[in-house]
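**Student:** how would this look folded up:
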Amino acid sequence: MRLLSGKGCLGFVLFSWSLVCVAGDPFIGNQIYNEHCASCHGSSGKANIAGTPDFAGNPMLLAKPDLQLRDTIASGRNLMPAFVGILKEKQMMDVIAYIRTFH
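**Tutor:** Here you go, the predicted structure:
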């Protein structure tokens with residue numbers, strides 16, 4: 001087995017560090033969700049508007065990677081507006097961490 005050295009090691013360290021930075025905070029996500037998402041998706045993750053996905057007990061949601069969910073939040077989908085420019089990257093990841101608590 002070959003150990004990483006030089007540029008390869010630095011790249012691995014930076015990549016590993018970036019993974020840590022992507023993790024969201026569900027407590028902060030709760031506040032953001034209540035401000036921007038709950039009116040349509042419901043305060044408990046059960047949608048208030050027809051055609052809006054439920055987050056509570058949704059196995060398809062749990063199967064999607066965080067970055068795919070972040071892309072949906074950023075660009076919007078169907079009735080949901082785009083949140084790029086409204087929410088920062090970290091805030092989107094915080095919301096994702098929070099909605100993953102709806103099971």
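
**Student:** what is the burial count for Cys52?
**Tutor:** Careful, residue 52 is Thr and not Cys. 17 (other CB atoms under 10 Å). The C-beta positions use only the backbone N, C-alpha and C, and glycine is treated the same way.

**Student:** tell me the pLDDT of it.
**Tutor:** With respect to pLDDT, Thr52 scores 90.

**Student:** spatially nearest residue to it, not counting backbone neighbours?
**Tutor:** Excluding its sequence neighbours, the residue lying closest to Thr52 (CB to CB, 6 or more residues apart in numbering) is Cys40, at 4.9 Å.

**Student:** is it true that the one you found touches Leu79?
**Tutor:** Yes: judged on CB atoms under 8 Å, Cys40 makes contact with Leu79 at a distance of 7.3 Å.

**Student:** quickly list what's touching both of these two.
**Tutor:** Taking CB atoms under 8 Å, 6 or more residues apart in numbering as the criterion, Cys40 and Leu79 both touch Ile49, Thr52.

**Student:** settle it for me: which of those two has more neighbours?
**Tutor:** Cys40 (15 against 10).

**Student:** report the distance from the helix or strand that one falls within to the chain centre.
**Tutor:** Using DSSP states H and E, Cys40 maps to helix 38-41. Offset of helix 38-41 from its chain centre (CA atoms, centre = their mean, to the nearest Å): 16 Å.

**Student:** buried residues in it, which are they?
**Tutor:** The neighbour-count check on helix 38-41 (16 or more other CB atoms under 10 Å) flags His41 as buried.

**Student:** and the helix or strand just after that helix, how far from the chain's centre?
**Tutor:** Moving toward the C-terminus from helix 38-41, the next helix or strand (DSSP H and E) is helix 59-63. Taking CA atoms, centre = their mean, the mean C-alpha location of helix 59-63 is offset from the chain mean by 12 Å.

**Student:** not counting its neighbours along the chain, what's nearest Asn30?
**Tutor:** Nearest one to Asn30, counting by CB to CB, 6+ apart, is Tyr98 at 5.0 Å.
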